[in-house]
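1. got a predicted model here, sequence first, then my questions.
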Amino acid sequence: MSEQLTQEQQVEQQEFEKTRAEWVRKQFQKANEYLASKGIVPDNVSVKESRYLPPYMAIWKLNTKQKQSYWVISGDLPTDHLAITAAENAREAVRSFSLQWQMKAQQIINAGIDDKTKHDFAQLLINRAEALYSMFEDEQLWQAEPV
């Protein structure tokens, strides 16, 4: 019986890894498509400097053919990008996105929210900014080697 349980655990682990790898692949595609929509053509990713926290967030360091680099965030939040000069590493990029989104939400609020879409987007930015900042502050998330 214990051998059968071990096999079941192995199958569960394999399914988990397969699901995780698929999520990472989709987020990588999403990040690349996002940059392309902004007229920025990605060339490669710095895997060592990128981080993933499925199913919430992926932070990518993407390099372009023009020898420029960007931090791109994707996941269960708005996809967005920053110039590489905005943050020295993935953790700092997460903080930068958090602060940037808080400011964007405040600008939307200050401009006067006249429809539900703007209100919902401002709330989404606030919620995701707070979650990102919590991730930034969580030492355990940043102790592990990049995956």
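-> Arrived safely, thanks for sending.

2. going by C-alpha atoms from here, please, whenever you check contacts or count neighbours.
-> OK.

3. now for N32, how many residues are close by?
-> Other residues near N32 number 20, with proximity taken as other C-alpha atoms under 10 Å.

4. and for K26?
-> 14.

5. buried ones in the lengthiest helix in the chain?
-> Using DSSP state H, we find that the single longest helix of the chain is helix 2-37. For helix 2-37, a neighbour-count test (16 or more other C-alpha atoms under 10 Å) marks 20, 23-24, 27-28, 30-32, 34-35 as buried.

6. next one: stretch 57-75
-> Of all the residues in stretch 57-75, those buried under the rule 16+ other C-alpha under 10 Å are 57-63, 69-75.

7. endpoints of that stretch, how far apart?
-> Distance between the boundary residues of stretch 57-75 (C-alpha to C-alpha, to the nearest Å) amounts to 4 Å.

8. next: stretch 44-53.
-> This stretch, stretch 44-53, spans 20 Å end to end (C-alpha to C-alpha).

9. buried stuff in that stretch?
-> 45, 49-52.
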